[in-house]
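Asks: below is the sequence, then the predicted model.
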Amino acid sequence: MTAMMITRVLAITSFFASALALPLVLHEGPTLAAPPAPPAAASASTCKTFGAGKCCHPDVSLHLSKEAIYSACGQSDATFIGEAAEKDTCKYHFKVAGEKSEDTFVQVYAPVVKEVMSKPTDPFMSFKKVGKVWVTDKAKSPKAMAQVNASTGLYLAGRGYFVSVAASTKVCTKAQAIKLSKSMK
């Protein structure tokens, strides 16, 4: 009986050892779940850059495309000067007669964040909701009046990210910026 018992122990031990070794033999590793992420974009392509700027990252430009700006703001390849990227930011620059090209842009800021505010808060400006997007409405101080007159701010809350757009009123009127807000993702 002891020989039979030893045989059973060896058989069971061999079975468990082979079950544990199977992933190694098959070259498989453990499967880990990834945390949820904002919408992913296609890979970066060549672009027309503004000054010493870099091409915009697709994860930022997917939230508001250059083509959406063309459509809503009456711009085109003929007026597009180039793009300039920084971390989580993409600036699309346009040619506007009599204006400095550094001031004629539509900027998209789309960072990944843990906590997303449902609406923007700013002590110097008020916002109103138009559709799914918050739009700058009025300045609360004389200093902020210049900023509100120079650009239209748009804000869209997402899951794990938000999108903030600053559209120069020289490129995109306030009415055009509100139309542009429908293209934000």
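Replies: That came in fine, so what should we check first?
Asks: identify the residues contacting the strand or helix carrying Val165?
Replies: Using DSSP states H and E, Val165 sits within strand 162-168. Applying Cβ atoms under 8 Å, 6 or more residues apart in numbering, the set of residues contacting strand 162-168 from outside is 63-64, 73, 103-111, 113, 116-117, 120, 150-156, 176-177, 180-181, 184-185. In short, each C-beta sits where N, CA and C put it, glycine included.
Asks: do stretch 108-116 as well
Replies: 37-38, 56, 59-61, 63-64, 88-92, 157-166.
Asks: how about low-confidence regions in the chain?
Replies: Scanning the chain with the threshold set as pLDDT under 70 gives 1-45.
Asks: burial count for the closest residue to Met184 other than its chain neighbours?
Replies: Ranked by Cβ to Cβ, 6 or more residues apart in numbering and with sequence neighbours excluded, the top spatial neighbour of Met184 is Leu156, at 4.7 Å. By other Cβ atoms under 10 Å, 21 other residues sit near Leu156.
Asks: list the neighbouring strands of the helix or strand hosting Leu156 plus their orientation.
Replies: Secondary structure assignment for Leu156, by DSSP H and E: strand 151-157. The strands beside strand 151-157 in its sheet (DSSP bridges) come out as strand 133-139 (antiparallel), strand 162-168 (antiparallel).
Asks: in TSV, list the ones you listed along with mean neighbour count.
Replies: What follows is these, written out as TSV (neighbours: other Cβ atoms under 10 Å):
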stretch	mean neighbour count
strand 133-139	19
strand 162-168	22
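Asks: out of the ones you listed, which is closest to Thr46?
Replies: Among the strands paired with strand 151-157, the nearest to Thr46 by Cβ to Cβ is strand 162-168 (24.0 Å).
Asks: next helix or strand past that closest one?
Replies: Under the assignment DSSP H and E, the closest C-terminal helix or strand after strand 162-168 is helix 174-180.
Asks: pull the CA atoms of that next one into CSV?
Replies: Taking Å, rounded to 0.1, in the frame of the first residue of the first chain, the C-alpha atoms of helix 174-180 are listed here in CSV:
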residue,chain,number,x,y,z
LYS,A,174,-18.1,83.5,-31.8
ALA,A,175,-21.0,82.1,-33.9
GLN,A,176,-18.5,80.0,-35.9
ALA,A,177,-16.9,78.8,-32.7
ILE,A,178,-20.3,77.6,-31.4
LYS,A,179,-20.8,75.8,-34.7
LEU,A,180,-17.2,74.3,-34.2
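Asks: list the buried ones in that helix?
Replies: For helix 174-180, a neighbour-count test (16 or more other Cβ atoms under 10 Å) marks Lys174, Gln176, Ala177, Ile178, Lys179, Leu180 as buried.
Asks: could you check how far Ser126 is from Val163?
Replies: 20 Å (Cβ to Cβ, to the nearest Å).
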